[in-house]
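Novice: quick check, what structure comes out for this input:
(one chain, ligands or ions: 2)
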Amino acid sequence: MTVDINSKIKDIYNTRVGKDLLDKILLQLGKGSEYITNPLVGNIKLRSIQKLVGRSLPDSFFDALLTLVNSDQLTDKEIQEEKRQAIAPVEHAWWKEAVFYQIYPRSFCDANGDGIGDLAGIISKLDYLEDLGVNALWLSPIYDSPMDDNGYDIRDYRKILTQYGTMEEFDTLLAEAHKRGMRLIMDLVVNHTSDEHEWFQKALTDPEYEDYYFFRDKPNNWTSYFSGSAWKQFGDKYALHLFSKKQMDLNWDNPKVRYAIYDMVNWWLDKGIDGFRLDVINFISKQEGLPDGDETIAKMMGYCGVERYFYGPHLHEYLKELRANTFDKYGAFSVGETPGVGMNMAKMLTGSQRKELDMIFSFDVLESPGHSRFDDYQYDINYFKKYMIDWMKHYGNNCWMSIFYNNHDNPRMVSKIGEPKYNTQIKKLLAGMQMTMKGTPFIFQGDEMGLENYQFNSIDEINDVESKGYYKELCEKMSEKEAFKIILAGTREHARVLLPWDGPFKGQKADPSILHFYRNMIKLRRQNPVLVYGDFRVIDDLAEHFVYERYDDQNSFIIDCNLGKSIKKGYFPEGYHQIITHNRHPEMEPYEIRIWMKG
Ligand code: TEU
Ligand code: CA
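Specialist: Ligands and ions are numbered 1, 2, ... in the order given. Got it, this is the predicted structure:
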């Protein structure tokens, strides 16, 4: 159903993209869905809102909303097919049974003592990873790069960064991982290349290559995720960069770009890798003409122009073409990194019948409603419960979730929850839920060691291009002390400190009890297919208490979680015995988790 300015709010909320967009706005504002679904608001026409709010919501806001909502029309046949697939039996796949471990090579393990992690370091830790029990590795970029954004600015897709090692070492790493029954996926960064990539260098002088990128005579009002305008001047032209000034957006509307990328992807797949994590892959299709972003949306989202590209007009078309020309030829796995995408958009990107991506990372789980990463606040773990219940119940059997708390772009979740007195329990609670929920767990390096945020003392200790840009921007309107406090709350650097392999490193040290707990939980998950493919049901989700079951016709696990500081009455299911956790006291301690197994 298409909507227009005369549609009611409830009509918009009844569309797939409309529901995702309005839910996103509610999340940013920290409001619940009843704010929209009540009959009073639901029956208001968009036009009336336009009249009501006048200039504070310009036409561009409504035009942006309606363009996006109407962009995703499924035919009745497609809707029927999706409904059928959503209740069909879950297809089995190695990437549904896997427990992934994300390696950020720059800070994982440094074998040659130059202070930078390297491939030899990773190879030296494969036995540790095998012993931990993970059986799939995601390598953040290891390609040749000027390292402006730590490798997410690729200069040569077919060369290994010198500081990380050689292609021979990569081939050894891949062979050694496969020898241990581990899959290995690489990071595919194709929304943009480094400005030092040969394509961009050629684009500056050779008209043949100019439309590999976005060159315009003058910039629009889009802003970069790393502060400032999203346009960099080259002579009398400007080139688009949604991220750093050295990360130039590729023009996916140019088939030469797309087929050059497919060629590179197949070159890596020919080496035997098992798939890719696709960096900001939902940004690759920009709206025709690169229209200005709406200022109201910019204020709400923190970046101007995002509505013009985060779910663009050719996104599905390009993903289908990419998959058909690459992954499907090798049976390779794909997980998309898709900032801003809600559940309905995710279903359009990952439904098995869609032939686009196998999985996505949806980031709406990482901040409590009304908060953004740089807010200094306590993450509400009950929001995590609510979010996960909603997705596990409604995502459908033809879609598959990723379950994660951390990655290289975020502070550590245990520190965001902010109850240091209970950190050990909280780390076990997080691990226990992650390994027993319905979806593929992605452990971020150091989670298993129980690492927390790092106490940086000054901006000089922070390497991250995003944090440095934001700090500079903040210092224009506040003191350096206040600016640094904000950076400390959300800097990606927390997740990028070299891991403390041989005892305390920079004040961070591994906690053997957490490692032991992760090892046991991973083993439990891998030995019990019901924790992968079993059904999910909530037994109790009242105030800060979360009891859920994973079950099939033979097996059942009941997981009892105290999501707060207050004592809860423990759940003692008939015919079950407690495993891994061993507290049979009638009352549960703060943030305690208990695992019960039937039989
Ligand atoms: O991150 C893109 C993304 O999700 C951003 O919103 C991200 O959270 C970043 O912190 C800006 O807010 C991917 C990579 O994971 C990130 O490391 C890169 O910096 C970025 O793309 C550009 O390649
Ligand atoms: Ca090194």
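
Novice: for the helix or strand of the chain with the lowest mean pLDDT, packing partners?
Specialist: None of the helices or strands of the chain scores lower by mean pLDDT, DSSP states H and E than helix 46-53, at a mean of 86. Other elements packing on helix 46-53 under the criterion 3 or more CB pairs under 8 Å, 6 or more residues apart in numbering; DSSP states H and E are helix 9-13, helix 59-69. In short, each C-beta sits where N, CA and C put it, glycine included.

Novice: worst mean pLDDT among those helices?
Specialist: Lowest mean pLDDT within those: helix 59-69, at a mean of 91.

Novice: so for that helix, what gets flagged as buried?
Specialist: Neighbour counts using 16 or more other CB atoms under 10 Å place 60, 61, 62, 64, 65, 66, 68, 69 of helix 59-69 among the buried residues.

Novice: among those, which one lies nearest to ligand 1?
Specialist: Nearest to ligand 1, judged by CB to the nearest ligand atom, of the buried residues of helix 59-69 is residue 68 at 18.3 Å.

Novice: for the closest one, which non-adjacent residue is spatially closest?
Specialist: Distances taken as CB to CB, 6 or more residues apart in numbering place residue 17 nearest to residue 68, at 5.6 Å, with adjacent residues excluded.

Novice: contacts for the least confident helix or strand of the chain?
Specialist: Contact with helix 46-53 is made by 3-9, 12, 57, 59, 62, 65-66, as judged by CB atoms under 8 Å, 6 or more residues apart in numbering.

Novice: which parts of it are buried?
Specialist: Of the residues in helix 46-53, those buried under the neighbour-count criterion (16+ other CB under 10 Å) are residue 46.

Novice: now swap in stretch 192-211 and tell me
Specialist: Within stretch 192-211, the residues that qualify as buried by neighbour count (16+ other CB under 10 Å) are 192, 193, 194, 195, 196, 197, 199, 200, 203, 209, 210.

Novice: TSV please, covering the residues you listed and showing secondary structure and distance to residue 219.
Specialist: Supplementary listing: these in TSV, determined by DSSP: H, G, I helix; E, B strand; the rest coil; distance: CB to CB, whole Å:
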residue	secondary structure	distance to residue 219
192	strand	16
193	strand	20
194	strand	20
195	coil	16
196	coil	22
197	coil	21
199	helix	21
200	helix	17
203	helix	17
209	helix	21
210	helix	16
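
Novice: TSV please, covering those residues and showing distance to ligand 2 and pLDDT.
Specialist: As requested, those are arranged in TSV below (distance: CB to the ion, whole Å; pLDDT from 0 to 100):
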residue	distance to ligand 2	pLDDT
192	26	99
193	25	99
194	21	99
195	26	98
196	22	99
197	24	98
199	29	98
200	28	98
203	33	98
209	34	98
210	38	98
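
Novice: dump those residues to JSON lines, plus distance to residue 597.
Specialist: Listed next are these as JSON lines, based on distance: CB to CB, whole Å:
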{"residue": "192", "distance to residue 597": "47"}
{"residue": "193", "distance to residue 597": "50"}
{"residue": "194", "distance to residue 597": "51"}
{"residue": "195", "distance to residue 597": "55"}
{"residue": "196", "distance to residue 597": "55"}
{"residue": "197", "distance to residue 597": "52"}
{"residue": "199", "distance to residue 597": "55"}
{"residue": "200", "distance to residue 597": "56"}
{"residue": "203", "distance to residue 597": "59"}
{"residue": "209", "distance to residue 597": "60"}
{"residue": "210", "distance to residue 597": "62"}
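
Novice: ok, so of those residues, who is nearest residue 109?
Specialist: Distance to residue 109 across the buried residues of stretch 192-211 (CB to CB) is lowest for residue 194, with 25.1 Å.

Novice: what sits opposite the closest one in the beta ladder?
Specialist: Going by DSSP bridges, residue 194 is paired in beta bridges with residue 247.

Novice: show me what contacts it?
Specialist: Applying CB under 8 Å, 6+ apart to residue 194 gives the contacts 145, 146, 148, 153, 154, 155, 200, 246, 247, 248.

Novice: please name the nearest non-neighbouring residue to the residue in the stretch 251-400 of the chain positioned nearest to ligand 1.
Specialist: Shortest the stretch 251-400 of the chain-to-ligand 1 distance, computed as CB to the nearest ligand atom: residue-wise this is residue 339, at 3.9 Å. When the adjacent residues along the chain are set aside, residue 339 lies closest to residue 363, with 5.5 Å between them (CB to CB, 6+ apart).

Novice: quick one: pLDDT of the one you found?
Specialist: 96.

Novice: before we move on, back to that, what's near enough to touch the residue of the stretch 251-400 of the chain closest to ligand 1?
Specialist: In this structure, residue 339 makes contact with 280, 282, 283, 310, 363, judged by CB under 8 Å, 6+ apart.

Novice: returning to that earlier point: check the buried residues of helix 59-69 and tell me the two furthest apart.
Specialist: Within the buried residues of helix 59-69 (distances taken as CB to CB), the two that end up farthest apart are 60 and 69, at 14.8 Å.

Novice: which residues does residue 568 bridge with?
Specialist: Beta-bridge partners of residue 568, counted by DSSP bridges, are residue 588.

Novice: make 7 the starting number, not 1.
Specialist: Sure thing, new numbering starts at 7, so read that last one as residue 574.

Novice: my guess is residue 388 contacts residue 551. True?
Specialist: No. When contacts are counted by CB atoms under 8 Å, residue 388 is not listed as touching residue 551 (9.5 Å).

Novice: circling back to that earlier point, put the buried members of the contacts of residue 200 into a ChimeraX selection.
Specialist: Command for ChimeraX that selects the buried part of those, burial taken from 16+ other CB under 10 Å:
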select :151,154,159,160,161,206,252,253,254
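
Novice: for the contacts of residue 200, which one is nearest ligand 1?
Specialist: Distance ranking of the contacts of residue 200 against ligand 1, using CB to the nearest ligand atom, places residue 253 first at 6.1 Å.

Novice: thinking again about what came up before, just put the helices and strands packed on helix 52-59 in CSV and tack on distance to ligand 2.
Specialist: Converted to CSV, the helices and strands packed on helix 52-59 look like this (distance: least, CB to the ion, whole Å):
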stretch, distance to ligand 2
helix 15-19, 52
helix 65-75, 45
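
Novice: spell out the residue ranges of the strands in the stretch 407-556 of the chain.
Specialist: Secondary structure of the stretch 407-556 of the chain (DSSP state E, counting those that start in this stretch): strands located at 408-409, 446-450, 541-546, 551-557.
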